[in-house]
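[1] sequence-free structure coming up:
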């Protein structure tokens, strides 16, 4: 990976393609995986969209997102069936032709006998002109990258393998560092005012408060994120002092 | 719920608001819950977006989605801390004022003593002018509905309670019926051609093929969806016949 200067943040969006996610039949797991991956390598995931298997909707989303961010990752719609239209939509978005790619066909032939490589399976070798392939160690049918758009499978295991393969080729930014401070059952309403003041005083870090429910009531966490370790430590110290003060106040 | 005529599909979008989802720290569970809920009551979920805690991005997404679909459900960003800016963004999108709502304040007083209702907690009673409240049986701070936008909490348990409360007030369409046909380990590439022909012949239903990986290889499912029971049954019969023919061909 090539790390950019601190000034230039590297951003990304995810486009999940598939009726099955929108109907609820399949629960997406790829968004969280890609989010974790981006955070780990210093890419800011800034937007996610989920759209149905409709060509005009897919093309519009590809165009909106590839123009707005450094990278666009897509998942889903690159299998052999009629509802797999992602590759065609990417070609349409880029205004390039799409046809069976000899490199992709060779990959499919590692898994299928030539006589089994029917028209449907050959759909998986249709790649927009000018794209680089992303190998798929599991079922061979490749993903691909064209421009800043990275096209991956929807099956989580395959998506993850493709992400691992394409990741090292990406330009990345300075990693976002984060500190998690457990507020526990200290109610958000008791520290929200102080936290807002800390957030204002430490403008180079972002501070969030995240409640979750447990069988014993709320369990709250404060997360401080930023690229500068010293700024992060200073903000965290202020949050710790705020919470310590409130805990002292509650027990005292 | 009021069921509309079959002709008018009722559509929806979901807008998930929160840096913590995009950083991967929190894995979203609300999209799948809302998708299931919409499918169950006959609303077509057509798009999902996830955006960060940035006012301009939130307002732009609210405006794009509320204009394009019958309903927009939002989750996240209605707590007491400084990063909870959803209500303000909704007010900005609708061009209405926002202030502490006496009804919402009364709800908060069911949980908090008056002397504990500090400025931060009162943020949770700030409701755009003209909105209806959505009660929150768990932590009292309400969601709200303004126009076609339904604003809910991000904590999954609270979101679900709010969805249950607002659901019966929504206009719904004819339920989408679906049939799932297990193709098992029959490879997608063997039935994709036949399935495409069936999809073409049964244009009023939608047919998808969904691979998943198991320890024993792929397990494929075909799902036929539509609002007309007879059309659905006819399409399903053709899919069954296709798969039976292929299984016979493989064993024979």
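    Nice, I can see it. Everything numeric here is computed off the predicted structure, so don't read it as measured data. Numbering: from 1, shown residues only, chains lettered A, B, ... in the order given.

[2] Could you use CA atoms for every contact and neighbour count after this?
    Noted.

[3] What mean pLDDT does whichever strand or helix holds residue A:208 get?
    Here residue A:208, judged by DSSP states H and E, is contained in strand A:206-214. Strand A:206-214 shows a mean pLDDT of 90.

[4] Pull up the pairing partners for it, direction included.
    Sheet pairing here is set by DSSP bridges, and for strand A:206-214 it gives strand A:217-226 (antiparallel).

[5] Would you mind listing what in the stretch 151-252 of chain A touches chain B?
    A:155, A:157, A:188-190, A:192-193, A:195-196, A:207-209, A:211-213 (C-alpha under 8 Å from any C-alpha of the partner chain).

[6] Which residue ranges of the stretch 151-252 of chain A form strands?
    Along the stretch 151-252 of chain A, counting by DSSP state E, counting those that start in this stretch, strands occupy A:171-172, A:177-184, A:206-214, A:217-226.

[7] Burial-wise, tell me which of those comes out on top.
    Here the criterion is mean neighbour count by mean count of other C-alpha atoms under 10 Å in any protein chain shown, and of these the winner is strand A:171-172, at a mean of 21.

[8] Next, the buried residues of the lengthiest helix in chain A.
    If you go by DSSP state H, chain A has its longest helix at helix A:229-251. Residues of helix A:229-251 classed as buried: A:231-232, A:235-236, A:238-239, A:242-243, A:246 (neighbour count, 16 or more other C-alpha atoms under 10 Å in any protein chain shown).

[9] Distance to residue A:65 added to the strands of the stretch 151-252 of chain A, as TSV?
    As requested, the strands of the stretch 151-252 of chain A are exported to TSV (distance: least, C-alpha to C-alpha, whole Å):
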stretch	distance to residue A:65
strand A:171-172	17
strand A:177-184	26
strand A:206-214	24
strand A:217-226	24
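
[10] Quick check: which ranges of chain A have low pLDDT?
    A:1-8, A:249-252 (pLDDT under 70).

[11] mind giving me the domain ranges of it?
    Listed domain ranges for chain A are A:2-172, A:177-251 (source: automatic domain parsing).

[12] what helices or strands is the longest helix of chain A leaning on?
    Helix A:229-251 is packed against strand A:177-184, helix A:188-201, strand A:217-226, with contacts defined by 3 or more C-alpha pairs under 8 Å, 6 or more residues apart in numbering or on different chains; DSSP states H and E.

[13] now with 10 Å?
    In terms of contact count using 3 or more C-alpha pairs under 10 Å, 6 or more residues apart in numbering or on different chains; DSSP states H and E, helix A:229-251 is assigned the packing partners strand A:177-184, helix A:188-201, strand A:206-214, strand A:217-226.

[14] With residue B:55 as the reference, name the closest of the domains of chain A.
    domain A:2-172 (13.4 Å; C-alpha to C-alpha).

[15] ok now the closest one, how far from the chain's centre?
    Counting by C-alpha atoms, centre = their mean, to the nearest Å, domain A:2-172 is centred 12 Å from the centre of its parent chain.

[16] cool, and stretch A:225-232?
    On C-alpha atoms, centre = their mean, the centre of stretch A:225-232 falls 22 Å from the chain's centre.

[17] Now do that stretch: distance from first to last residue.
    As for stretch A:225-232, its first-to-last residue distance stands at 7 Å under the measure C-alpha to C-alpha, to the nearest Å.

[18] Let me see the residues that make contact with it.
    The contact list for stretch A:225-232, computed with C-alpha atoms under 10 Å, 6 or more residues apart in numbering or on different chains, reads A:6, A:42, A:173-180, A:202-208, A:224, A:233, A:235-237, B:23.

[19] how about a cut-off of 7 Å?
    A:174-179, A:204-207, A:224 (C-alpha atoms under 7 Å, 6 or more residues apart in numbering or on different chains).

[20] Any idea which of the strands of the stretch 151-252 of chain A gets closest to residue A:119?
    With C-alpha to C-alpha, the closest approach to residue A:119 among those belongs to strand A:171-172: 36.5 Å.

[21] Give me the neighbour count for the nearest residue to residue A:100 once chain neighbours are set aside.
    Counting by C-alpha to C-alpha, 6 or more residues apart in numbering or on different chains, the nearest residue to residue A:100 once its immediate chain neighbours are dropped is residue A:126, at 4.1 Å. Taking other C-alpha atoms under 10 Å in any protein chain shown as the criterion, the count of residues near residue A:126 is 20.

[22] Do a quick rundown of the helices in the stretch 51-200 of chain A.
    For the stretch 51-200 of chain A, the helices defined by DSSP state H, counting those that start in this stretch cover A:55-68, A:86-94, A:102-109, A:119-123, A:156-166, A:188-201.

[23] Would you convert those helices into JSON lines that also reports mean neighbour count and distance to residue A:132?
    Compiled in JSON lines, the helices of the stretch 51-200 of chain A are given as follows (neighbours: other C-alpha atoms under 10 Å in any protein chain shown; distance: least, C-alpha to C-alpha, whole Å):
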{"stretch": "helix A:55-68", "mean neighbour count": "17", "distance to residue A:132": "17"}
{"stretch": "helix A:86-94", "mean neighbour count": "22", "distance to residue A:132": "13"}
{"stretch": "helix A:102-109", "mean neighbour count": "18", "distance to residue A:132": "10"}
{"stretch": "helix A:119-123", "mean neighbour count": "21", "distance to residue A:132": "17"}
{"stretch": "helix A:156-166", "mean neighbour count": "19", "distance to residue A:132": "10"}
{"stretch": "helix A:188-201", "mean neighbour count": "19", "distance to residue A:132": "43"}
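
[24] Next, format these as JSON lines and append distance to residue A:148.
    Below are the helices of the stretch 51-200 of chain A laid out as JSON lines (distance: least, C-alpha to C-alpha, whole Å):
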{"stretch": "helix A:55-68", "distance to residue A:148": "7"}
{"stretch": "helix A:86-94", "distance to residue A:148": "11"}
{"stretch": "helix A:102-109", "distance to residue A:148": "20"}
{"stretch": "helix A:119-123", "distance to residue A:148": "23"}
{"stretch": "helix A:156-166", "distance to residue A:148": "12"}
{"stretch": "helix A:188-201", "distance to residue A:148": "34"}
